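S.K.: This is a predicted model, with the sequence first.
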Amino acid sequence: MNKIPKDFKPWKINDRLIRENVEITLEGVIALNLEKDLFNIGNKIFAYIKKELFKDVDKKDFDLNLIADCIEEERRLTKIAFKLFSNESLSLWNSAGSKSDGFSYDSISIGNSSFDTYMDFDSMSEAYLSKQKSIQKYQETKKEEILKPLSTTNSHNIPEHGLFPKELLNNTRGYIINIGNQATLCYESSFYDASLVMIRKLIETLIIECFEYNLISDKIKGKDGYFFYLSDLIDSFVKEPKWSLSRNTINSLPKIKKLGDLSAHNRRFSAKKHDLDKISGDLRIVIEELIHLINYSNKKG
């Protein structure tokens, strides 16, 4: 295996280097402090593909030349960057093809496993760092994980208060407590999609109650007399002048809804524990403010 030339730059990858069996890896590029452009382009590619998958979950085929044009990057460097990240076992595609050279890809196809990669991470950088951390963790803790009793699996790494502090729902209504219990029990049992669906129902119910207990429920009903869907409920809730929401609640609601919608309606999305852990703080903020606005303690019945 030959060494990389001293004047090597990622965009200088060509057929000659490949024929000479020069080993080109992302780790080597990082060691040469040449990774900035590659990560920037990688993040652009990742963001483009993720956006397209959100628009059409059934989309499978992507042309990297077209992606390069859309993200306004040079085609060859775009394909080189994608190939270098692909070599890190990030599961960015299920099949790939090349017409031009032996190093980069011209087209890729997304399947279930690669679809999960784009749903689980926000950028190529995050996916790469997560892979590196998982490798390191595996190497350091393999023996411990094998010997760990099965009974501790569900409780491992659960946030201090679980999904959210259950006492927040005390003194509300029995059906509210029941929905909250289902959400937390599903989380603790690793049924993460089910947990997100119940979280979605909990937020939807609390928003409706907020309008009802303030005697303005007509504002969230259509001409048919039925309550709005969650997206319109949230929009009405945020814009309602009767109360002033905290910035944290306004910012947290879309995050919770987005994951809840994916678990409820997207057949290719499968929620993971870290998805719920990332919104645990947001969930507590929203629930606490909603219950404060409803003020159950001053309501009868």
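M.R.: Perfect, thanks for sending it.
S.K.: residues in contact with residue 128?
M.R.: Residue 128 makes contact with 26, 39, 42, 85, 88, 90 under the criterion CB atoms under 8 Å, 6 or more residues apart in numbering. For glycine as for every other residue, the C-beta is placed from the backbone atoms N, C-alpha and C.
S.K.: and what of residue 222?
M.R.: residue 228.
S.K.: related to what we said a few turns ago, drop the exposed ones from the contacts of residue 128 and show what's left.
M.R.: 26, 39, 42, 85, 88, 90 (16 or more other CB atoms under 10 Å).
S.K.: And the residues you listed, which is the shakiest by pLDDT?
M.R.: Across the set of the buried ones among the contacts of residue 128, residue 26 stands lowest in pLDDT, at 67.
S.K.: Next, give me the two most distant ones among the contacts of residue 128.
M.R.: Of all pairs drawn from the contacts of residue 128, the greatest distance, 12.8 Å, lies between 39 and 90 (CB to CB).
S.K.: Got the domain ranges for this protein?
M.R.: 10-132, 153-295 (automatic domain parsing).
S.K.: quick one on the thing from earlier: what's the overlap in contacts for residue 39 and residue 90?
M.R.: 124, 128.
S.K.: got the CA positions of the helix or strand containing residue 209 in PDB?
M.R.: Here residue 209 sits within helix 192-213, counting by DSSP states H and E. The C-alpha trace of helix 192-213 is given here as PDB (Å, rounded to 0.1, in the frame of the first residue of the first chain):
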ATOM      1  CA  TYR A 192     -40.500   4.200  21.700                       C
ATOM      2  CA  ASP A 193     -42.900   4.700  18.800                       C
ATOM      3  CA  ALA A 194     -45.800   3.900  21.100                       C
ATOM      4  CA  SER A 195     -44.500   6.300  23.700                       C
ATOM      5  CA  LEU A 196     -44.300   9.200  21.100                       C
ATOM      6  CA  VAL A 197     -47.800   8.500  19.900                       C
ATOM      7  CA  MET A 198     -49.100   8.800  23.500                       C
ATOM      8  CA  ILE A 199     -47.000  11.900  24.000                       C
ATOM      9  CA  ARG A 200     -48.600  13.400  20.900                       C
ATOM     10  CA  LYS A 201     -52.100  12.500  22.400                       C
ATOM     11  CA  LEU A 202     -51.100  14.100  25.800                       C
ATOM     12  CA  ILE A 203     -50.100  17.400  24.200                       C
ATOM     13  CA  GLU A 204     -53.100  17.400  22.000                       C
ATOM     14  CA  THR A 205     -55.400  16.800  25.000                       C
ATOM     15  CA  LEU A 206     -53.800  19.400  27.200                       C
ATOM     16  CA  ILE A 207     -54.000  22.100  24.500                       C
ATOM     17  CA  ILE A 208     -57.700  21.300  24.000                       C
ATOM     18  CA  GLU A 209     -58.300  21.500  27.800                       C
ATOM     19  CA  CYS A 210     -56.400  24.800  27.900                       C
ATOM     20  CA  PHE A 211     -59.000  26.300  25.500                       C
ATOM     21  CA  GLU A 212     -61.900  24.600  27.200                       C
ATOM     22  CA  TYR A 213     -61.100  25.700  30.700                       C
END
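S.K.: Can you name every helix or strand that it contacts?
M.R.: helix 174-188, helix 230-239, helix 247-265, helix 273-294 (3 or more CB pairs under 8 Å, 6 or more residues apart in numbering; DSSP states H and E).
S.K.: need the least confident one among the domains of the chain, by mean pLDDT.
M.R.: Sorting the domains of the chain by mean pLDDT places domain 10-132 lowest, at a mean of 81.
S.K.: ok now do the residue lying closest to residue 198 once chain neighbours are set aside, which residues does it touch?
M.R.: Excluding the flanking residues, the one nearest residue 198 by CB to CB, 6 or more residues apart in numbering is residue 183, at 3.8 Å. By CB under 8 Å, 6+ apart, the contact set of residue 183 is 163, 195, 198-199, 202.
S.K.: cool, and residue 79?
M.R.: Contacts of residue 79 by CB under 8 Å, 6+ apart are 64-65, 68, 100, 104-106.
S.K.: and the buried ones among the contacts of residue 128 as a markdown table, adding distance to residue 120?
M.R.: Output for the buried ones among the contacts of residue 128, formatted as a markdown table (distance: CB to CB, whole Å):
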| residue | distance to residue 120 |
| --- | --- |
| 26 | 19 |
| 39 | 18 |
| 42 | 16 |
| 85 | 15 |
| 88 | 15 |
| 90 | 11 |
